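J.: coordinates only, sequence not included:
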């Protein structure tokens, strides 16, 4: 970008996390890049006339090409935008570089870097520009050695970091979002504690000594000398902890998805802090009418962020129950997606379905995978937890193709520029095994484990028993009830407590 294209813009408030520079994204994209990205002159004039309308929003609304492009060493057009901005250390002008890109499993992000030539101050920040997920996510990782400390971590502004062994917690919105490692998070904490130590020693030597001892403990954890538990809890569902063993399960890493609390919805901006008045429901169509009607609501495309329509319909599955099928079709980029939600209640017991695939015709069986279902293939040492791939109403062949697509074809963490040769070979080997199953050359067991009991696999011998399929009911564990939100649910005697 030429110097005459740079704009010095000061925002009303600093970016989250006590950033050292202030900049408005309203003028990040220059007029030339705005028009190249698909924006029209009318949108440009409209954007300039309305202070609340950002250039990024205008590009996503009128152009089919997204401004958030995947990181690629071969993409010469993907260059950071440079703007002059105020240095909050010396109050002179510095240079901010901003890159709009995508990160695997993290969707769109805004990567920014600030440098000041006057005082040599530098600062980096990552902000999430993607959508908030339907559920929050909690990662619990047992760090055992130095290699584990180097795990890549994507941490948003709303993520909370905990180390129970030290009774240590980094609250949400207290630090900026970052694409870093566990070592980087510990190093940032150590640097932050050391900044005020000279002042503490002058005011209270006893407090300073305690903090010195705590810093020493953090340094031991950073070097991998002491095992500890690393917990990352993000109500937006956009944080991520690397699994270097993918597609196999990492025994030291536990991933749990949960339903957000009302307080968390308020914190991330989904709900208003001011309680809304209850409005009486108006008489509408009955349940029977909804079964025959396709409902539609508007949303944004998950790929290009352009406006798209989502269709929704209630469907009755034979020998099972009702489900809600939702399908989204984007006219801008052609992306299509579908998802299935259970239309019934959580069953009294969990369900485990085991199928031995012995013939290629088994791949054509209808399959309903709810969002709470775990999928595993013991012969491949593969396990996929609840929340992955969402809910699906497909065939066994379609599910295996989706698993390969998720783990192999769309997994830049294992096939991208940052991947090692071992990871590439491991993923390619896994993809080859999936292909052999799809071709009917390998006989394996497929296990659907759904604690909610809302998954289904077609019995081709119905109403007789299928000799190759076994359906088991089991009592849920406390952890499974916790994931489903049942432990805090009171269904008897609740009126006595005034709830």
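T.: Received it, and whenever you're ready, just let me know what you need. On a predicted model such as this, the values are computed, not experimentally measured, just so you know.
J.: helices and strands of this structure: which one has the lowest mean pLDDT?
T.: Here the helix or strand of the chain ranked lowest by mean pLDDT, DSSP states H and E is strand 21-22, holding a mean of 33.
J.: which residues does the host helix or strand of residue 147 contact?
T.: Taking DSSP states H and E as the criterion, residue 147 maps to helix 146-149. Contacts with helix 146-149, where a contact means CB atoms under 8 Å, 6 or more residues apart in numbering, come from 141, 142, 143, 181, 182, 183, 186, 221, 222, 223, 224, 252. For the C-beta atoms, the positions are set from N, CA and C on the backbone; glycine is no exception.
J.: how about a cut-off of 10 Å?
T.: 141-143, 181-186, 221-225, 227-228, 230, 244, 252-253 (CB atoms under 10 Å, 6 or more residues apart in numbering).
J.: can you tell me which of those residues end up in helices?
T.: Among the contacts of helix 146-149, the members falling in helices (DSSP state H) are 182, 183, 184, 185, 186, 221, 222.
J.: give me phi/psi at the residue of the chain most remote from its centre?
T.: Largest separation from the mean C-alpha position in the chain: residue 202, at 44.5 Å (CA atoms, centre = their mean). Backbone torsions for residue 202, taken as degrees, to the nearest 10, come to phi -80, psi -30.
J.: let's have the chain start at 62 instead
T.: With 62 as the first residue, the last one maps to residue 263.
J.: list the contacts of it.
T.: Applying CB under 10 Å, 6+ apart, the residues contacting residue 263 are residue 269.
J.: now it: how far from residue 532?
T.: Residue 263 is 70 Å from residue 532, where distance means CB to CB, to the nearest Å.
J.: and the chain, what are its domain boundaries?
T.: Annotated domains of the chain cover 64-189, 197-328, 348-403, 411-544 [automatic domain parsing].
J.: out of these, which gets nearest to residue 550?
T.: domain 411-544 (8.9 Å; CB to CB).
J.: ends of the closest one, how far apart?
T.: End-to-end distance for domain 411-544, by CA to CA, to the nearest Å: 13 Å.
J.: ok, residue 328 - how many residues close by?
T.: Counted with other CB atoms under 10 Å, the neighbours of residue 328 add up to 17.
J.: one step back: filter the contacts of helix 207-210 to the buried ones?
T.: 202, 204, 242-247, 282-283, 285, 289, 291, 305, 313-314 (16 or more other CB atoms under 10 Å).
J.: buried residues in the helix holding residue 208?
T.: 209, 210.
J.: just stretch 262-281 next, same as before
T.: Buried residues in stretch 262-281 (16+ other CB under 10 Å): 269, 275, 276, 279.
J.: shouldn't residue 200 be within a strand?
T.: Yes: the assignment for residue 200, made by DSSP: H, G, I helix; E, B strand; the rest coil, places it in a strand.
J.: what sits against it?
T.: Residues in contact with residue 200 (CB under 10 Å, 6+ apart) are 212, 214, 220, 222, 291-295, 300-304, 314-317.
J.: buried subset of those as a PyMOL selection?
T.: The buried subset of the contacts of residue 200, as determined by 16+ other CB under 10 Å, is captured in PyMOL by this line:
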select buried, resi 212+214+220+222+291+292+293+294+295+300+301+302+303+304+314+316+317
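J.: hang on, residue 496 in a strand?
T.: No: assessed with three-state DSSP, residue 496 is helix; it does not lie in a strand.
J.: the nearest residue to it once chain neighbours are set aside is in what secondary structure piece?
T.: Excluding its sequence neighbours, the residue lying closest to residue 496 (CB to CB, 6 or more residues apart in numbering) is residue 465, at 7.7 Å. Using DSSP H and E, residue 465 sits in helix 457-465.
J.: could you give the mean pLDDT of that helix?
T.: For helix 457-465, mean pLDDT is 90.
J.: can you give me the strands in the stretch 412-560 of the chain?
T.: Secondary structure of the stretch 412-560 of the chain (DSSP state E, counting those that start in this stretch): strands at 427-430, 435-438, 443-445, 453-456, 505-511, 517-518, 530-535.
J.: before we move on, what about the stretch 212-361 of the chain?
T.: According to DSSP E, counting those that start in this stretch, the stretch 212-361 of the chain carries its strands in the segments 213-216, 221-224, 229-231, 239-242, 289-295, 301-302, 314-319, 356-361.
J.: pairing partners for the last one, with directions?
T.: In this case it means strand 356-361. When pairs are called by DSSP bridges, strand 356-361 turns out to pair with strand 368-377 (antiparallel).
J.: stretch 508-520: how far from the chain's middle?
T.: Chain-centre distance of stretch 508-520: 24 Å, with CA atoms, centre = their mean, to the nearest Å.
J.: for the closest residue to residue 508 other than its chain neighbours, give me its contacts.
T.: Nearest-residue entry for residue 508: residue 437, 4.6 Å, with adjacent residues in sequence omitted and distances by CB to CB, 6+ apart. By CB under 10 Å, 6+ apart, the contact list for residue 437 reads 310, 415, 443, 444, 445, 446, 506, 507, 508, 509, 510.
J.: reformat the residues you listed as TSV; add pLDDT.
T.: Shown next, in TSV, are the contacts of residue 437 (pLDDT from 0 to 100):
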residue	pLDDT
310	81
415	94
443	89
444	88
445	86
446	82
506	93
507	93
508	94
509	93
510	93
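J.: restrict those to the buried ones and give me that as a ChimeraX selection.
T.: Buried members of the contacts of residue 437, defined by 16+ other CB under 10 Å, are picked up in ChimeraX with:
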select :310,415,443,444,445,446,507,509,510
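J.: would CSV of the contacts of residue 437 with distance to residue 395 be doable?
T.: Below are these laid out as CSV (distance: CB to CB, whole Å):
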residue, distance to residue 395
310, 34
415, 38
443, 30
444, 33
445, 27
446, 30
506, 36
507, 31
508, 35
509, 31
510, 35
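J.: just give me the closest of the contacts of residue 437 to residue 457.
T.: residue 507 (6.9 Å).
J.: what bridges to the closest one?
T.: residue 416.
J.: please identify which of the strands of the stretch 212-361 of the chain is closest to residue 453.
T.: Of all those, it is strand 314-319 that lies closest to residue 453, at 15.9 Å by CB to CB.
J.: quick one on the thing from earlier: adding distance to residue 394 and mean pLDDT, write the strands of the stretch 212-361 of the chain out as a markdown table.
T.: Listed next are those as a markdown table, based on distance: least, CB to CB, whole Å; pLDDT from 0 to 100:
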| stretch | distance to residue 394 | mean pLDDT |
| --- | --- | --- |
| strand 213-216 | 24 | 86 |
| strand 221-224 | 35 | 92 |
| strand 229-231 | 37 | 90 |
| strand 239-242 | 25 | 82 |
| strand 289-295 | 27 | 93 |
| strand 301-302 | 24 | 88 |
| strand 314-319 | 27 | 90 |
| strand 356-361 | 12 | 85 |
